[in-house]
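[1] A structural model of the following input is requested.
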Amino acid sequence: MIQVRKSQERGHANHGWLDTYHTFSFDTYHDPAFMGFRNLRVINEDRVSGGQGFGMHPHRDMEIITYVLEGALEHRDSMGNRGVIKPGEVQHMSAGTGVRHSEYNASESEPVHLLQIWILPDRQGIKPEYEQQPLDREAARGQFVQVAGPHGDGGALTIHQDAKLYATVLDKGESAQHRFDQGRYGWVQVARGAVNLNGTMLRAGDGAAVANEPEITLTGADGQGEALLFDLA
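    Next up is the predicted model:
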């Protein structure tokens, strides 16, 4: 079964400096039908104006992944980490027992476009952690490349949950397949372009819950598409 969450159905807020869409309930946006999916709690698509960003604020007991699509994002945190995340790089932070961080557009003039993802951890009270890894976009062309998982397989980011995140980049007509183990679920999020998911058309901003499907095929449908796949317990 595939249940589509269309882009225009998401929560939306425009704060001037921040134009944001919420796939699941977040902040003042509340939809009891979309509180998350399995251990996936947040997918926010943010566009942040030049020189603007999220000031220092606290988090705890959450696995946070930042996936930059365009522009550059500057990160600072209370663990002493500081860096700039650009397209082709992915950031992970285990908030654990508590961490403060800021995320600012690294440019004074150009916007930054990103996806922020929250996954519930498998336990509370984890020591806070920070990672930043390159994403091989060429390796992701026509296949799923693991971005994050519970064991950091193949250099992927290590998260504290039985969940795996994959990315793929697909030209029109190009396909990538993924087989789910028994009892697993999936969520597909289209980052840009358009893809066909087992016969269902999805466009940028669309998401889809996947249940009781042993295998999925994503096919590029219009220009170049980019999508994330979550394999969830």
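
[2] burial count for the closest residue to residue 35 other than its chain neighbours?
    In space, residue 35 comes closest to residue 25 once its chain neighbours are excluded; the distance is 5.2 Å by Cβ to Cβ, 6 or more residues apart in numbering. Any C-beta I mention is one placed from the backbone N, CA and C, and that applies to glycine too. Counted with other Cβ atoms under 10 Å, the neighbours of residue 25 add up to 17.

[3] ditto for residue 181
    As a burial measure, residue 181 scores 8 neighbours (other Cβ under 10 Å).

[4] What separation do you get for it and residue 215?
    11 Å (Cβ to Cβ, to the nearest Å).

[5] Over to residue 6?
    For residue 6, the distance to residue 215 - Cβ to Cβ - is 24 Å.

[6] Could you pull up the residues touching residue 156?
    Contact analysis of residue 156 by Cβ atoms under 8 Å, 6 or more residues apart in numbering lists 133, 146, 147, 148, 149, 165.

[7] Out of the residues you listed, list just those in helices.
    The helices, defined by DSSP state H, take in nothing from the contacts of residue 156.

[8] Residue 64: which of these is nearest?
    Lowest distance from residue 64 to the contacts of residue 156 (Cβ to Cβ) belongs to residue 148, with 10.8 Å.

[9] Which pLDDT value goes with the closest one?
    Per-residue pLDDT puts residue 148 at 96.

[10] so who does it touch?
    65, 90, 92, 156, 157, 158, 159, 163, 164, 165.

[11] Tell me which of those residues has the lowest pLDDT.
    residue 156 (91).
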